[in-house]
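Engineer: Quick one: sequence plus predicted model below, questions after.
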Amino acid sequence: MSRLHRLLIIEDEAAIRRLLRTIVAPHGWEVAEATTGAAALEQVRHTLPELILLDLGLPDMDGLDLIARLKRERPVPIIVLSSRDREADKVTALDLGADDYVTKPFSEGELLARIRTALRHAVQQVGGRPHIQIGDLDIDLVMRQVRRSGERVHLSPREFDLLNLLVRHGGRILTHKQILEQVWGPAQAEEVHYLRVYIRQLRQKIEADPNNPALILTEPGIGYRFSDP
């Protein structure tokens, strides 16, 4: 990296903080630390981090309650690191605004890959990606057109809205609720079966092998992620 990037670790266990610092520091990260939710909010205001690694088990508050407050203070990517592996916790964290959820224990390679993806997504949100090329698939978000090997792929307006949302958040897990609310509206937020039908249709049209999707990936019990190569 050409310059230092600022990262905030919110974790009350000293050994985990040391491990995280060891992993990220060689890759150009300037690290700040906080051991409580209150300290984390102060650090966000003073260090202006570009990414946050958040443990949910803090001594003064639940990390889930902290996510929305952190996003209000500074809308940067938040990756949750937690030993909680229940689907309900993952869904709640993502619905509250977390960008990713990594279950402990994790490998160095996995964490660095998740960090790279979160940063790419943040840049895309600011700069936009009007045109995406993945192999022989060409997606034009401005013209609302999709082509495979130069041939037009016909999508319904709703199918394109769904693809547009997934692509614009490439690499990030979107929960069922987030997708349904943004594509169909709040009244349809619980209609997961409806979403599955559209995902199946979309895969049939854009995936090389719809039975083994490489683009629209399922996060079991949580939602979907568009592969961002």
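Structural biologist: Good, I have the coordinates. Numbering: from 1, shown residues only.
Engineer: Which residue ranges of the protein form helices?
Structural biologist: In the chain, the helices defined using DSSP state H lie at 14-24, 37-47, 63-73, 87-96, 108-127, 157-168, 176-183, 192-206.
Engineer: looking at these, which is closest to Glu151?
Structural biologist: Closest to Glu151 of those, according to CB to CB: helix 192-206, at 11.3 Å. Where C-beta positions appear, they are placed from N, C-alpha and C, glycine not excepted.
Engineer: for the closest one, packing partners?
Structural biologist: strand 145-148, helix 157-168, helix 176-183, strand 216-219 (3 or more CB pairs under 8 Å, 6 or more residues apart in numbering; DSSP states H and E).
Engineer: Show me what the last one is packed up against.
Structural biologist: Packed against strand 216-219 by the contact rule (3+ CB pairs under 8 Å, 6+ apart) you find helix 192-206, strand 223-226.
Engineer: Which one, of these, ends up nearest to Asp62?
Structural biologist: Per CB to CB, nearest to Asp62 of these: strand 223-226, 21.8 Å.
Engineer: in the chain, which helix or strand is least confident?
Structural biologist: Counting by mean pLDDT, DSSP states H and E, the chain has its least confident helix or strand at helix 108-127, which shows a mean of 79.
Engineer: Least confident of the helices of the chain, on average?
Structural biologist: Looking at the helices of the chain, the lowest mean pLDDT belongs to helix 108-127 (a mean of 79).
Engineer: what sits up against it?
Structural biologist: Outside of helix 108-127, the residues within contact range by CB atoms under 8 Å, 6 or more residues apart in numbering are 5, 20, 23-24, 27, 50-51, 76-77, 79, 81, 99-100, 102, 168-172, 228.
Engineer: Can you tell me which of these are buried?
Structural biologist: Buried by 16 or more other CB atoms under 10 Å: 5, 20, 23-24, 50-51, 76-77, 79, 81, 99-100, 102, 168-172, 228, out of these.
Engineer: Just the ones in strands from those residues, please.
Structural biologist: 5, 51, 79, 81, 100, 102 (DSSP state E).
Engineer: Just the pLDDT for the most centrally placed residue in the chain.
Structural biologist: Closest to where the C-alpha atoms of the chain average out (CA atoms, centre = their mean) is Arg172, at 2.7 Å. pLDDT, Arg172: 87.
Engineer: ok, now which ones touch it?
Structural biologist: Contacts for Arg172 (CB under 8 Å, 6+ apart) come out as 99-100, 117-118, 121, 225.
Engineer: what about 10 Å?
Structural biologist: By CB atoms under 10 Å, 6 or more residues apart in numbering, Arg172 lies in contact with 77, 94, 98-100, 117-118, 120-122, 124-125, 166, 178, 223, 225-226, 228.
Engineer: repeat for Asp99
Structural biologist: Asp99 neighbours (CB under 10 Å, 6+ apart): 51-52, 71, 76-80, 93, 114, 117-119, 121-122, 169, 171-173.
Engineer: Please determine how far it is located from Val91.
Structural biologist: Relative to Val91, Asp99 is positioned 14 Å away (CB to CB, to the nearest Å).
Engineer: which neighbours do these two share?
Structural biologist: Counting by CB under 10 Å, 6+ apart, the common neighbours of Asp99 and Val91 are Ile173.
Engineer: these two touch, right, Thr92 and Ala98?
Structural biologist: Yes: using CB atoms under 10 Å, Thr92 is in contact with Ala98, at 9.0 Å.
Engineer: Tell me the residues that contact both of the two, please.
Structural biologist: In contact with both Thr92 and Ala98: 56, 64, 67, using CB under 10 Å, 6+ apart.
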